[in-house]
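Colleague: Let me see the structure of the following:
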Amino acid sequence: MMKKLTILLALATLSFVCSAEKGQSIMFEEQEHPITQAPAVEEQSQGDRCEALSKKIESLKGNPQRRHAAMQQFKLECAERY
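Modeller: Numbers count the residues shown, from 1 in each chain. Okay, here's the model as predicted:
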């Protein structure tokens, strides 16, 4: 019984030491989330943004999924303008 406890304790200590040597996980690195980021200094006007989206829609004629996504974005952002 004592031998099993000693082995178990040694394995637990070994696993703790091994995990400590690996360093900090990249999962917990400080990153800015897109929602919490400050807005860009040079933002496009709404008209320029809508015009760029319409050009993007035209350029994506061979890519139906990406074109559909751009069209949905255009509807959300520019529907009241046009």
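
Colleague: Which positions within stretch 55-72 qualify as buried?
Modeller: Residues of stretch 55-72 classed as buried: 56-57, 60, 67, 70 (neighbour count, 16 or more other C-beta atoms under 10 Å). In short, each C-beta sits where N, CA and C put it, glycine included.

Colleague: and which of the residues you listed is nearest to Met1?
Modeller: Taking C-beta to C-beta as the measure, Met1 lies nearest Ala70 of those, at 68.4 Å.

Colleague: What are the phi and psi values at that closest one?
Modeller: When read as degrees, to the nearest 10, the backbone of Ala70 gives phi -70, psi -40.

Colleague: ok, now which ones touch it?
Modeller: 53, 56-57, 60 (C-beta atoms under 8 Å, 6 or more residues apart in numbering).

Colleague: okay, those in JSON lines with pLDDT next?
Modeller: Below are those laid out as JSON lines (pLDDT from 0 to 100):
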{"residue": "Leu53", "pLDDT": "91"}
{"residue": "Lys56", "pLDDT": "93"}
{"residue": "Ile57", "pLDDT": "93"}
{"residue": "Leu60", "pLDDT": "93"}
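
Colleague: which element follows the helix or strand bottoming out on mean pLDDT in the chain toward the C-terminus?
Modeller: Lowest mean confidence among the helices and strands of the chain (mean pLDDT, DSSP states H and E): helix 2-21, at a mean of 67. Downstream of helix 2-21, the first helix or strand assigned by DSSP states H and E is helix 46-59.

Colleague: That's all I had, so thanks and see you.
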